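**Q** Here is my input; please provide its structure:
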Amino acid sequence: MKLYSGPLSMFGAKAEIAVLEKGIACEREHVPFNLQTLYDPKHPVVLRVNPKQQVPVLVDGDLEIFDSTQIFEYLEDIAPEPPLWPREPRARARARLLELCSDEVFFPHVITIMPQRTRATAAEAETARAAIRAYYDDVERQLAGREFVAGDYSYADIAFFMAQTFAEFLGAPLEPAHHRLKAWRERVARRPAVGEVVGAMIEYVSAQGRTSVTA
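**A** Coordinates of the predicted model:
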């Protein structure tokens, strides 16, 4: 099995953490990337497998799949232990919805404030930051009485942790009122799989002579 990711890919990082959490024997390759041209020219495997020409891409023998959520589902099928989706159907549906919202509701606001990906006006950037703060407020409420966003640690935590990490990098941090979210971040960050992947990202950014993806 081989996973193609990128040194600063939020979605690739999700898949890398999942592979490590599952303890699956899987080679991980970061495709060529730099902060000026991003992923151009595209890696040939990524070009062949993903019509969107994006990482992550997972190759397992004659199976070639893309999209971090689809990779989550495949890993859960082939390696059900330790579980990263709740077993109970309603709880699993809620966790899947939270993972979807992290990718499709929260992260687009983060993309808006990425200088390499968009040319947002000052007003558009402030609207995005306001939406990010509102999302933080919602998750803060959801964490009442919980250690993790869907109850037990799950793919939903992996997705939101990585998306929120990028928001922090880009100047949209948690605020003092987000006590539960800060405690949640500390719990997730202590996981070895998360530390390994995020640590590699920090090393990459430092090697570029930067303190964040924007500085």
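**Q** Next secondary structure element downstream of whichever helix in the chain runs longest?
**A** Of all the segments of type helix in the chain, defined by DSSP state H, the longest one is helix 122-142. Counting by DSSP states H and E, the next helix or strand C-terminal to helix 122-142 is helix 155-169.
**Q** how about the CA coordinates for the helix or strand that that following helix is followed by, as CSV?
**A** For helix 155-169, the following helix or strand on the C-terminal side (DSSP H and E) is helix 179-189. C-alpha atoms of helix 179-189 as CSV (Å, rounded to 0.1, in the frame of the first residue of the first chain):
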residue,chain,number,x,y,z
HIS,A,179,-11.7,26.6,26.8
ARG,A,180,-13.1,23.2,25.7
LEU,A,181,-11.6,23.5,22.2
LYS,A,182,-8.2,24.3,23.6
ALA,A,183,-8.4,21.3,25.9
TRP,A,184,-9.6,19.2,22.9
ARG,A,185,-6.6,20.4,20.8
GLU,A,186,-4.2,19.4,23.5
ARG,A,187,-5.7,15.9,23.8
VAL,A,188,-5.6,15.3,20.0
ALA,A,189,-2.1,16.8,19.7
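**Q** Mind giving me the packing neighbours of the longest helix of the chain?
**A** When contacts are defined as 3 or more Cβ pairs under 8 Å, 6 or more residues apart in numbering; DSSP states H and E, helix 122-142 sits against helix 107-112, helix 155-169, helix 179-189. Where C-beta positions appear, they are placed from N, C-alpha and C, glycine not excepted.
**Q** got a list of contacts for that helix?
**A** 105-106, 109-110, 112-113, 120, 149, 160, 164, 167, 171-172, 174-175, 177-181 (Cβ atoms under 8 Å, 6 or more residues apart in numbering).
**Q** just the buried members of these?
**A** 106, 109-110, 112-113, 120, 149, 160, 164, 167, 172, 174, 178, 180-181 (16 or more other Cβ atoms under 10 Å).
**Q** of those residues, closest to residue 72?
**A** Minimum distance to residue 72 across these is 13.3 Å, recorded for residue 160 (Cβ to Cβ).
**Q** Quick check: closest non-adjacent residue to that closest one.
**A** Leaving aside its sequence neighbours, residue 160 sits nearest to residue 102 (Cβ to Cβ, 6 or more residues apart in numbering; 4.3 Å).
**Q** Look up which residues are beta-bridged to residue 4.
**A** As for beta bridges, residue 4 partners with residue 29, residue 57 under DSSP bridges.
**Q** okay but it is in contact with residue 55, surely?
**A** Yes: counting by Cβ atoms under 8 Å, residue 4 sits close enough to residue 55 to count as a contact (5.4 Å).
**Q** Okay then, goodbye and thanks.
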